[in-house]
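Student: Have a look at this fold, sequence not included:
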Ligand SMILES: CCCCCCCCCCCCCCCC(=O)SCCNC(=O)CCNC(=O)[C@H](O)C(C)(C)COP(=O)(O)OP(=O)(O)OC[C@H]1O[C@@H](n2cnc3c(N)ncnc32)[C@H](O)[C@@H]1OP(=O)(O)O
């Protein structure tokens, strides 16, 4: 089925913010995290940026492939907020096309391509030197919708409690109100 943007999704151009203070992908409270910043696009699409830091190296001076996969995963995961669905990555297939040097800002774009029951199919691309620059990484993903119990049943109680008490209303809404 064609994906449907939720009527309460953030307007195109609006920043999505972080879904969790300590998320390695987007959280402001992770000193070595990616601090990825996503913005809503048209339809069920978005853009995001991530600047590769020295802490993200694999080979000398180059981004670690796992970190780049994290950037893709986080970007793709952010799409679920435009559907107002909580979902986790079931499958992530990554193509590494060009090396990504430290100091580079990766310009990511992602879209949901189809939704089938709990399954959300999406794809993303990351470019160097700007939104129209050469492709460095690509991914296809399957996210699977889950209830909030997924996190409560499997997460550690101290972090769950902290997320539930997050003073940031938007982050709390993303975690708890989208999926009663
Ligand atoms: C209280 C605090 C709250 C905090 C709230 C925070 C909110 C926002 C958090 C978001 C966080 C974002 C961060 C970035 C995204 C991550 O990185 S998420 C972390 C990485 N991912 C995971 O940890 C997921 C681990 N895997 C699982 O938990 C389970 O395998 C899954 C994915 C939930 C699926 O299990 P299940 O619910 O039992 O579903 P299941 O019936 O097996 O599969 C459903 C369908 O999906 C298909 N499927 C499942 N896996 C696959 C696969 N790998 N390949 C192909 N098909 C598959 C099945 O075939 C099935 O298809 P149908 O039969 O319906 O056609």
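Tutor: Looks like it arrived, so ask away. None of the values given here were measured: they were computed from a predicted structure. Numbering: from 1, shown residues only.
Student: Could you measure from residue 107 over to residue 81?
Tutor: Taking C-beta to C-beta, to the nearest Å as the measure, residue 107 and residue 81 are separated by 20 Å. No exception for glycine: its C-beta is placed from N, CA and C like everyone else's.
Student: I'd assumed residue 17 was in a helix, is it?
Tutor: No: under the criterion used here (DSSP: H, G, I helix; E, B strand; the rest coil), residue 17 is coil, not part of a helix.
Student: For it, which non-adjacent residue is spatially closest?
Tutor: residue 170 (5.7 Å; C-beta to C-beta, 6 or more residues apart in numbering).
Student: And for that neighbour, the neighbour number?
Tutor: In terms of burial, residue 170 registers 14 neighbours under the definition other C-beta atoms under 10 Å.
Student: Report pLDDT for it.
Tutor: Per-residue pLDDT puts residue 170 at 73.
Student: same question, residue 174
Tutor: In this prediction, residue 174 has a pLDDT value of 72.
Student: For the residue sitting furthest away from the middle of the chain, give its distance to residue 54.
Tutor: Distance to the chain centre peaks in the chain at residue 60, reaching 25.8 Å (criterion: C-alpha atoms, centre = their mean). Summarising the geometry, the distance separating residue 60 from residue 54, computed by C-beta to C-beta, is 10 Å.
Student: contacting residues for the residue nearest the centre of the chain?
Tutor: Using C-alpha atoms, centre = their mean, the residue of the chain that lies closest to the mean C-alpha position is residue 74, 2.2 Å off. Residues in contact with residue 74 (C-beta atoms under 8 Å, 6 or more residues apart in numbering) are 23, 25, 26, 34, 36, 38, 48.
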